[in-house]
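In: Here is my input; please provide its structure:
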Amino acid sequence: MTDIATDDWFSDEHATFGDRLAAAREAADLSQKDLAKRLGVKSKTVAAWENDLSEPRANRLQMLAGLLNVSLMWLLNGNGEGVDPPGVEPALTRDARQVLLEMRELRGDIDEAANRLARLEKNLKKLMEASLV
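Out: Numbers count the residues shown, from 1 in each chain. Model (predicted):
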């Protein structure tokens, strides 16, 4: 078996999107069901993403990165801020992990609210333009 440098462990050469998603979800101490609930999708959808049978849409990718506290680029290609490779234990207490989990959830909520606000602004602009005609 070849030695993989710790910074290359989740690169495109060694891991798929699904591998990185599963690792980030596990590092966040979430089950597939928990993550699915937070994203508003079915758990079989998360399972399909992790098994590389399908891929999330862009808005879900952004939410995933926020909830899992990893960069979007890391999820996509392994570059950027991600999780530690297997065997490298983070030095966080259970309480610290809970605080991080709550922060990630809040970040996901904020991202979702920002997307909703953008859609509302777009709809309002269309309505205003239509009323001028």
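In: now the residue nearest to the spatial centre of the chain, what's its secondary structure?
Out: For the chain, the residue nearest the mean C-alpha position is L64 (1.8 Å; C-alpha atoms, centre = their mean). Three-state assignment for L64 (DSSP: H, G, I helix; E, B strand; the rest coil): helix.
In: Same check on E81?
Out: Going by three-state DSSP: E81 is coil.
In: returning to that earlier point: ok, the residue nearest to the centre of the chain - contacts?
Out: L21, A24, L35, L39, P56, L75 (C-beta atoms under 8 Å, 6 or more residues apart in numbering). For glycine as for every other residue, the C-beta is placed from the backbone atoms N, C-alpha and C.
In: how about L61, what does it touch?
Out: L72, L75, L76.
In: so how far is R57 from the last one?
Out: When you say that, I think you mean L76. 13 Å (C-beta to C-beta, to the nearest Å).
In: E26 now?
Out: The value you get for E26 to R57, if C-beta to C-beta is used, is 23 Å.
In: Compare those two (neighbour count), which wins?
Out: E26 (14 against 8; other C-beta atoms under 10 Å).
In: Now the helix or strand that contains the more buried one: buried residues?
Out: Assessed by DSSP states H and E, E26 sits inside helix 17-27. The neighbour-count check on helix 17-27 (16 or more other C-beta atoms under 10 Å) flags F17, G18, D19, R20, L21, A22, A23, A24, R25, A27 as buried.
In: Okay, helices next: where are they in this structure?
Out: 17-27, 32-39, 43-50, 58-68, 72-77, 94-132 (DSSP state H).
In: where does this structure have low pLDDT?
Out: Applying pLDDT under 70 to the chain picks out residues 1-14, 84-91.
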